[in-house]
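> Dropping the sequence and predicted coords here.
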Amino acid sequence: MENKHQVLLFERLRENYAGFVKEWTSMPASELIDKAEEIYAAGLVKEHLVGYVDEEQAKWFLRFQNPLEIVRDKWIEENGMATVHDEDFSHAVWMIMDCQDTESLYALAPDVDPAPVRDEPVTVREFIEKHPNVAFDMMTPGGFVYLTPEKAKQLLSGQNVKGDPGYKEYAREITSDELLSQEVVRANYAGSGWHIISGEIRRVEQDTTSLEQGVTMC
């Protein structure tokens, strides 16, 4: 079966939802009112998530006991009670899979080993390539840079960009090699684009400060 993992995820989501329903039916009405947003979001995820993940993404979510809970929590964080749109679930999936803390926050399914921790930093090039057709609002060592989806493609093709310290009249040129080779220190999705803080790649030093380096994408 070509979409085996998507089918298995479909079934897992319904098992997760049935577990939530069992909890909800034992709650008094006052508690159910407080959980209205969770109930609404859980229903949306159960019905729609499989339509927004491919086979590899479905396989990744099956690593967890309760993928419905994971996506429900992220969807509430990003959207609340708003009407669901295609890009809402897509970006929730990106954020969850990019977040290095997901496996420590949610229980893995039985017999699943934790994924290996990535030692190498995520570069700006890698991040832009992984998130096509969106805008990037960046704070870089060379100044603030705003990339439309088209400008992001041009940057990847080797075109330089302008960075400014907050005043356009002081803008300077930043080469594509300089920007694309930087490390993504922090990335958050909001609205229709990514807010990124980038910096020069920091190598691991033999002290405790090295533990604080890396990418935060949650």
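Ah, there it is. Model, not experiment: these values are computed from the prediction.
> going forward, measure contacts and count neighbours with C-alpha atoms only.
OK.
> So what's the predicted local confidence for residue 119?
Here, the pLDDT recorded for residue 119 equals 56.
> Oh, that last question was meant for residue 48, not what I typed.
So, for residue 48, pLDDT stands at 89.
> That one: helix or strand, and which one exactly?
For residue 48, the host element (DSSP states H and E) is helix 36-48.
> right, and the helix or strand after that helix?
By DSSP H and E, the next helix or strand past helix 36-48 is helix 55-61.
> ok, and for that following helix, which residues are buried?
Residues 57-59, 61 are the ones in helix 55-61 that count as buried (16 or more other CA atoms under 10 Å).
> what do you get for stretch 122-142?
Buried residues in stretch 122-142 (16+ other CA under 10 Å): 122-125, 127-128, 135-142.
> Helix or strand with the lowest mean pLDDT in the chain?
Using mean pLDDT, DSSP states H and E, the weakest-scoring helix or strand in the chain turns out to be strand 183-190, at a mean of 76.
> in its sheet, what does the helix or strand just after that one sit against?
Remark: after strand 183-190, the chain's next helix or strand is strand 193-199, criterion DSSP H and E. Counting by DSSP bridges, the strands paired with strand 193-199 are strand 135-140 (parallel), strand 183-190 (antiparallel).
> how distant is strand 193-199 from the center of its chain?
Counting by CA atoms, centre = their mean, to the nearest Å, strand 193-199 is centred 13 Å from the centre of its parent chain.
> Need the contact partners of that strand.
124, 134-141, 182-189 (CA atoms under 8 Å, 6 or more residues apart in numbering).
> What are the buried residues along it?
193-199.
> Which residue in those residues has the weakest pLDDT?
Among the buried residues of strand 193-199, residue 193 has the weakest pLDDT, 78.
> Grab the nearest non-local neighbour of that residue.
residue 135 (4.5 Å; CA to CA, 6 or more residues apart in numbering).
> mean confidence score for the host helix or strand of residue 32?
Using DSSP H and E, the element containing residue 32 is helix 29-34. What helix 29-34 shows for mean pLDDT is 91.
> and what of stretch 76-89?
66.
> need the contact list for residue 13.
Going by CA under 8 Å, 6+ apart, residue 13 touches 46, 66-68.
> per-residue confidence for the spatially most central residue of the chain?
Nearest to the geometric centre of the chain sits residue 95, at 0.9 Å (CA atoms, centre = their mean). Residue 95 carries a pLDDT value of 84.
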